[in-house]
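Trainee: need coordinates for the following:
(one chain, ligands or ions: 1)
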Amino acid sequence: MGLAFSDFEGQSVHIGRLQEEFGSRTFTHAYLFIGPAGTGKRSVARLCAQAALCRGEQKPCGVCGPCKRVLAETHPDFHIMTPADGKREISVGQMRELIHEAEVHSFEDGVKVFFIPEAEKMNTAAQNALLKTLEEPTSQTVFILCTVHASALLPTIVSRCRVIRFHPLTQEQTENRLRALGMEESQIAIRAQMAEGCVGQALALEKETISLRNTLAEQFFSVHTYSDMVSVVNTYKDDKENRQKILDLLEDIVREILCVQAGVRSAVVLPGEAERYAGTVPAQGGLALQEKIIEAKKMIKSNVSYQSALELILIKISEEYSRWPW
Ligand SMILES: [Zn+2]
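Mentor: Residues are numbered from 1 along each chain as shown. Just a heads-up that it's a prediction; the model follows:
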């Protein structure tokens with residue numbers, strides 16, 4: 001079964017209104033969806049396009065020809081603009097072609113939908129070209145722009161669009177959503193927590209990343225002595241490829257530890273040893289560790305050896321354990 005507008009009700013207060021406007025073709029000429037990655041902006045943009053082009057009763061029906069063609073990205077009146085192959089930006093040349101497309105008649109029944117999933121990739125010249133079209137809109141054309149960073153857009157673009165904000169969900173809402181999407185029960189709590197309420201990110205997390213997080217939580221937080229430390233350092237010091245990821249995951253684990261220490265959350269998604277740290281060491285120890293991780297991240301950016309960065313973190317963990325014996 002395909003997605004529906006109702007699946008995104010928690011992400012924005014405007015979901016119902018979008019369905020109404022696109023389904024009845026009373027949309028305004030341009031929308032700008034702003035919000036963190038994984039909060040449903042692009043999925044909702046596609047649903048809007050389906051609703052506008054659908055020939056079913058309840059729009060979008062998801063089963064008529066136009067709905068299916070929008071999903072398959074083969075509908076001639078649904079245009080998606082991304083940077084050309086190998087390019088980082090959307091150029092003014094591409095934008096001029098798109099605008100020309102907007103000026104000619106639609107292929108099917110009158111409505112044309114232009115979708116720019118990463119609007120911040122339009123360079124300034126491309127944005128200026130688009131601006132003219134947004135100033136003189138044609139009634140049967142609608143632009144949907146999505147972005148994480150509205151600051152990368154010209155203020156004049158933003159002011160000509162109806163801005164719709166998308167938000168992360170709560171932990172509980174995210175879990176319910178993942179459950180509804182049929183995710184395996186053992187993956188739900190951990191993914192919801194790691195993605196901080198962004199369902200798309202929770203879905204995109206790789207199983208290897210989750211298992212690496214669990215392994216790190218077990219190994220790093222079982223370090224009490226110098227020899228414990230040496231063995232952990234030796235396990236990770238040569239893993240150049242993952243070093244940023246490892247520090248990011250450690251930071252995420254410590255954030256979770258701080259939540260547990262503050263009594264905000266139960267330790268449900270912390271593997272055993274990290275949970276023990278959260279239970280043994282008071283919040284000041286969690287904060288001190290967080291500082292060390294931030295420091296370690298700065299160290300690897302300034303080319304201090306990765307081994308020293310790991311040692312800094314591990315020494316702090318063993319120090320805190322010895323200060324707060326259990
Ligand atoms: Zn349909």
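Trainee: can you pull out the helices in the stretch 101-250 of the chain?
Mentor: Assigned helices in the stretch 101-250 of the chain, in chain order: 124-135, 155-159, 171-180, 185-194, 199-204, 207-220, 226-236, 243-261 (criterion: DSSP state H, counting those that start in this stretch).
Trainee: not counting sequence-adjacent ones, nearest residue to residue 101?
Mentor: residue 79 (6.1 Å; C-beta to C-beta, 6 or more residues apart in numbering). For the C-beta atoms, the positions are set from N, CA and C on the backbone; glycine is no exception.
Trainee: that neighbour against residue 98, yeah?
Mentor: Yes. Using C-beta atoms under 8 Å, residue 79 is in contact with residue 98, at 6.5 Å.
Trainee: hey, where'd the strands end up in this protein?
Mentor: Secondary structure of the chain (DSSP state E): strands at 30-34, 78-80, 112-116, 141-147, 162-165.
Trainee: report the inter-axis angle for the third one versus helix 124-135.
Mentor: Pointing back at strand 112-116 there. 150 degrees (axes from the mean of the first three to the mean of the last three C-alpha atoms, to 10 degrees).
Trainee: so what does strand 112-116 touch, helix or strand wise?
Mentor: helix 41-53, strand 78-80, helix 92-103, strand 141-147 (3 or more C-beta pairs under 8 Å, 6 or more residues apart in numbering; DSSP states H and E).
Trainee: how about the residues of this structure near the ion?
Mentor: Within the chain, the positions lying close to the ion (C-beta under 5 Å from the ion) are 54, 56, 60-61, 64, 67.
Trainee: which of those residues sits closest to residue 201?
Mentor: Of all the residues of the chain next to the ion, the one with the least separation from residue 201 (C-beta to C-beta) is residue 60, at 24.8 Å.
Trainee: got a list of what the closest one touches?
Mentor: Residue 60 makes contact with 23, 47, 50-51, 54, 67, 70, according to C-beta atoms under 8 Å, 6 or more residues apart in numbering.
Trainee: walk me through the domains of this structure.
Mentor: The chain resolves into domains spanning 5-165, 206-323 when parsed by automatic domain parsing.
Trainee: what residue in the stretch 201-326 of the chain comes nearest to the ion?
Mentor: Here the stretch 201-326 of the chain gets closest to the ion at one residue, residue 203, 24.4 Å apart by C-beta to the ion.
Trainee: what about that residue, how many residues nearby?
Mentor: 14 (other C-beta atoms under 10 Å).
Trainee: check contacts around it.
Mentor: 38, 178, 181, 183, 191 are the contacts of residue 203 under C-beta under 8 Å, 6+ apart.
Trainee: list just the nearest of those to the ion.
Mentor: residue 181 (21.7 Å).
Trainee: confidence score at the nearest residue to that closest one once chain neighbours are set aside?
Mentor: Among residues not flanking residue 181 along the chain, residue 203 sits closest, at 7.2 Å (C-beta to C-beta, 6+ apart). Residue 203 is assigned a predicted lDDT (pLDDT) of 91.
Trainee: ok, residue 192 next?
Mentor: pLDDT at residue 192 comes out at 90.
Trainee: cool, and residue 271?
Mentor: Looking at residue 271, the pLDDT reads 78.
Trainee: quick check: phi and psi at it.
Mentor: phi -60, psi 160 (degrees, to the nearest 10).
Trainee: give me the neighbour count for it.
Mentor: 18.
Trainee: residue 287 is in contact with residue 258, correct?
Mentor: Yes. Between residue 258 and residue 287 there is a contact at 7.0 Å, judged by C-beta under 8 Å.
Trainee: looking at those two now, which is surrounded by more residues?
Mentor: Set residue 258 next to residue 287 and count neighbours by other C-beta under 10 Å: residue 258 wins out with 18 against 14.
Trainee: residues near residue 10, how many?
Mentor: What residue 10 shows, counting by other C-beta under 10 Å, is a neighbour count of 21.
Trainee: and it, how far from the ion?
Mentor: For residue 10, the distance to the ion (C-beta to the ion, to the nearest Å) stands at 24 Å.
Trainee: quick one: residues contacting that residue.
Mentor: Applying C-beta under 8 Å, 6+ apart, we find residue 10 in contact with 167, 169, 173, 177.
Trainee: not counting its neighbours along the chain, what's nearest residue 90?
Mentor: Setting aside the residues directly before and after it, residue 90 is nearest to residue 122 in space (C-beta to C-beta, 6+ apart), at 4.4 Å.
Trainee: and the gap between that neighbour and the ion?
Mentor: Computed as C-beta to the ion, the residue 122 to the ion distance reads 30 Å.
Trainee: quick check: that residue touching residue 89?
Mentor: Yes. Counting by C-beta under 8 Å, residue 89 is a contact partner of residue 122 at 7.2 Å.
Trainee: quick check: neighbours shared by residue 79 and residue 98?
Mentor: Joint contacts of residue 79 and residue 98 (C-beta under 8 Å, 6+ apart) are residue 114.
Trainee: which residues of the protein score low on pLDDT?
Mentor: 1, 265-268, 326 (pLDDT under 70).
Trainee: middle-most residue in it, spatially?
Mentor: Nearest to the geometric centre of the chain sits residue 37, at 2.4 Å (C-alpha atoms, centre = their mean).
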